[in-house]
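1. test case, fold it:
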Amino acid sequence: FLESQAFSHACNEGIEGLSKDPRGDSSSQYSREVQRLFLAWLPEEERHFMETSEGLGNSQKAEVAWLERKGYAYTEVEVDISQWLQ
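-> The predicted structure follows:
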């Protein structure tokens, strides 16, 4: 992706000028834009997988992919980590 025409175009348009200062969620203007461009660059099926797997770590994404490949049902549950940090 970093060598793609889409990313090269974004660099020419000034993506490097976006703030790289981390926000509360540890993302920045720059990292969010790179993520948006990356998802737009992916083929539809891979983009859908990434979007539905957002928030998972790499090993969890692999586990979800394995479940889906095997045809096993699973339940997606959103967990608010802020409740655990108190």
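2. hang on, Ala40 packs against Phe7?
-> No - applying C-beta atoms under 8 Å, one finds Ala40 not in contact with Phe7, separated by 10.5 Å. Glycine gets a C-beta too; all of them are placed from N, C-alpha and C.
3. so for the two, which sits in the more crowded spot?
-> Phe7 (16 against 9; other C-beta atoms under 10 Å).
4. what's around Cys11, how many residues?
-> Look at Cys11: counted by other C-beta under 10 Å, it has 11 neighbours.
5. read off the pLDDT value for it.
-> On the pLDDT scale, Cys11 is placed at 94.
6. distance of it from Tyr30?
-> Separation of Cys11 from Tyr30 (C-beta to C-beta, to the nearest Å): 11 Å.
7. quick one: mean pLDDT over the one helix or strand His48 maps to.
-> Here His48 sits within helix 44-52, counting by DSSP states H and E. Averaged over helix 44-52, pLDDT sits at 85.
8. now do stretch 75-86
-> The predicted model assigns stretch 75-86 a mean pLDDT of 71.
9. what helix or strand does the closest residue to Ser27 other than its chain neighbours sit in?
-> With C-beta to C-beta, 6 or more residues apart in numbering as the criterion, Ser27 has its nearest non-adjacent residue at 7.8 Å, and that residue is Gln35. Using DSSP H and E, Gln35 maps to helix 29-41.
10. avg pLDDT for that helix?
-> Helix 29-41 comes out at a mean pLDDT of 91.
11. and that helix with helix 44-52, angle?
-> 140 degrees (axes from the mean of the first three to the mean of the last three C-alpha atoms, to 10 degrees).
12. export helix 29-41 as PDB, just CAs?
-> The C-alpha coordinates for helix 29-41 follow below in PDB (Å, rounded to 0.1, in the frame of the first residue of the first chain):
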ATOM      1  CA  GLN A  29      -5.100  12.800  12.100                       C
ATOM      2  CA  TYR A  30      -2.300  11.300  10.000                       C
ATOM      3  CA  SER A  31      -2.800   7.700  11.200                       C
ATOM      4  CA  ARG A  32      -6.600   7.900  10.700                       C
ATOM      5  CA  GLU A  33      -6.200   9.200   7.200                       C
ATOM      6  CA  VAL A  34      -3.600   6.500   6.300                       C
ATOM      7  CA  GLN A  35      -6.000   3.900   7.700                       C
ATOM      8  CA  ARG A  36      -8.900   5.400   5.600                       C
ATOM      9  CA  LEU A  37      -6.800   5.400   2.400                       C
ATOM     10  CA  PHE A  38      -5.600   1.800   3.100                       C
ATOM     11  CA  LEU A  39      -9.200   0.500   3.500                       C
ATOM     12  CA  ALA A  40     -10.200   2.300   0.400                       C
ATOM     13  CA  TRP A  41      -7.300   0.700  -1.500                       C
END
